[in-house]
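# compute the structure for the input listed below.
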Amino acid sequence: MQALKCSYYDWRDGGPVATIRAEGVLIRSLIRRNQGRTFLPSLRSAEWHEYPPEFMRGALFSLVPSSLGTLNLTLHWSMTQHDIETFMTQLSSTILGLHTLRLTTAPHVSVERLSYPPHLRHLSLDPNGISLLPAELEKLVSCLKTVETLSVHIGDDRSAWHDGPTVHLGTALRTLHVEGEWRAVAVLVFRLHAPSLRALDIRVKDWYSVTPSYTPKGHHSLATELGGNSQLARTLRSLRLRHSTLYPGSPAPEGDPVVLFPEILEPLLCGGLTTHLEVLEVAYWHRAVLFTDDEVLQLAQACPELKRLTLSSGVRMMRLQPPTVLPSLLALRHIAQHCPRLTHLEIELELAQDRYHSGLLAGELDGLCPPPRADGKLGHPLQMLELTIRMLVGSRDSNDDEVRARDEVQCYANRMFPHRYRDKEIVFVSGLDGSS
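Residues are numbered from 1 along each chain as shown. A predicted model of the protein is given here:
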């Protein structure tokens, strides 16, 4: 047995106290029968819910071997700071092989004061319950000498934007996943010093907003801080930047459309941040977005080393509203020409109704020949294509032309990115033509 899952109690089984105590008694009894040794010596991963010591009494440490590699740990909200510090100290000295820890606690817990296993390489802190200010994040990382990957929710200390101290995140950290409101993340990015950071994954969330909204000035400020961090420009090879106003059960999003290039993408290009990027994912899901062919061209020209590119406006999930404008099929040629190393492309394009209704599409696509490769070989090295075509519809019935247009788009994608790619997904969705 290599995996173990210890779930929450079922309230129908005699109540929480009785159930938790019974679990602890059972585990200790089994260990005694095995001469004090774990009966799961090959266990590699576990999911565990820990409760106050009067219930469990350290049952986890008797159950799992010291070589356990991955632990998904939930510390019950009723545990005090002292309870948790004692538990984590024992964890750090007992399960020495632990390299991956996903931790969930109540919001009142100061996780930066806890002990962590000495060989830990990957730490994920539940963003729904744990939030750290920049100084607390720095203190936490100073204790994690071997951690290469960290996931955290960052809080806003409301201090002056450019007056706070530098946030040093050590030399071991390679990947940082961070969630938070745009201001908190922007402040962190401005103060950030992580000389070995190779991958930065940012998810902007408006935690305290009743109605989901998009704030152009705020998101532009965040992108500006990213583009202006010279240290990130030297080391970063992967950047993911995501925001969505689409939440389950939430009201319709409000605010101005996302003007994707001048507000988000262009600030990233200013300081050379994208010059050496190999992975770029920008996903901004809102009620409306403005993004053009020329802007795709400028982005592609600034990212010559890209191997993976994702540009998403949530077309498959949201019915985008006017005045939405998306790039045309010409964007594929721009990307193929200026990103010669690209192996994975996910993008959303738009096909106006007058193009497929009038029958002009085939002639236009014939003129967009695939660009030659720099090494003289035929075809682009793309291996995976995820393409979404938003086909604008108006009042006219054009089913036959729409079918022909779909066939032409498929043929064009095959010609631009030929037989070499192993996986292709082209999805057509309907969109409202605001001019009809």
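
# need the contact list for residue 264.
Shown in contact with residue 264 (Cβ atoms under 8 Å, 6 or more residues apart in numbering): 219-220, 223, 241, 258, 282, 284. C-beta here means a position set from N, CA and C on the backbone, and glycine is covered the same way.

# residue 290 contacts residue 327, doesn't it?
No. If you go by Cβ atoms under 8 Å, residue 290 and residue 327 don't touch, sitting 10.5 Å apart.

# neighbour count winner among the two?
Between residue 290 and residue 327, counted using other Cβ atoms under 10 Å, residue 327 has the larger neighbour count: 22 against 18.

# so residue 299: helix, strand or coil?
State at residue 299, reduced to three classes by DSSP: H, G, I helix; E, B strand; the rest coil: helix.

# and what of residue 93?
helix.

# that one: neighbouring residues, count only.
Counted by other Cβ under 10 Å, the residues lying close to residue 93 total 13.

# OK, contacts around it?
Shown in contact with residue 93 (Cβ under 8 Å, 6+ apart): no residues.

# where does it sit relative to residue 389, distance-wise?
As judged by Cβ to Cβ, to the nearest Å, residue 93 and residue 389 stand 57 Å apart.

# hang on, residue 322 packs against residue 288?
Yes. Applying Cβ under 8 Å, one finds residue 322 in contact with residue 288, separated by 6.9 Å.

# looks to me like residue 202 is in a strand.
Yes. Residue 202: assigned to a strand according to three-state DSSP.

# tally of neighbours for the closest residue to it other than its chain neighbours?
Nearest in space to residue 202, with sequence neighbours left out and distances taken as Cβ to Cβ, 6 or more residues apart in numbering, is residue 241 at 5.1 Å. Residue 241 has 22 neighbours, counted by other Cβ under 10 Å.

# show me which residues of the helix or strand hosting residue 404 are buried.
Here residue 404 sits within helix 399-416, counting by DSSP states H and E. Using 16 or more other Cβ atoms under 10 Å as the test for burial, helix 399-416 gives 401-402, 404-406, 408-409, 412-413, 416.

# next helix or strand past that helix?
Next helix or strand after helix 399-416 toward the C-terminus (DSSP H and E): strand 423-432.

# ends of stretch 302-314, how far apart?
Stretch 302-314 has an end-to-end distance of 24 Å (Cα to Cα, to the nearest Å).

# which residues sit against that stretch?
244, 246, 258, 260, 269, 274-286, 289, 291, 296, 320, 324, 326, 335, 338-348.

# which ones among the residues you listed are found in helices?
Cross-referencing the contacts of stretch 302-314 against helices under DSSP state H gives 260, 269, 296, 335, 338.

# thought the fourth one was touching residue 293?
No. The pair formed by residue 335 and residue 293 falls short of the contact definition of Cβ under 8 Å, at 10.7 Å.

# more crowded one of those two?
Neighbours were tallied for residue 335 and for residue 293 using other Cβ under 10 Å; the higher tally belongs to residue 335 (27 against 17).

# quick check: closest non-adjacent residue to that one.
Closest to residue 335 by Cβ to Cβ, 6+ apart is residue 300, at 5.1 Å.

# that neighbour contacts residue 338, doesn't it?
Yes. Using Cβ under 8 Å, residue 300 makes contact with residue 338 at a distance of 3.8 Å.

# low-scoring stretches of the stretch 201-350 of the chain, by residue?
Counting by pLDDT under 70, the low-confidence segments of the stretch 201-350 of the chain come to 207-212, 247-252.

# which residue ranges form the strands in it?
Secondary structure of the stretch 201-350 of the chain (DSSP state E, counting those that start in this stretch): strands at 238-244, 258-259, 279-285, 289-290, 308-312, 344-351.
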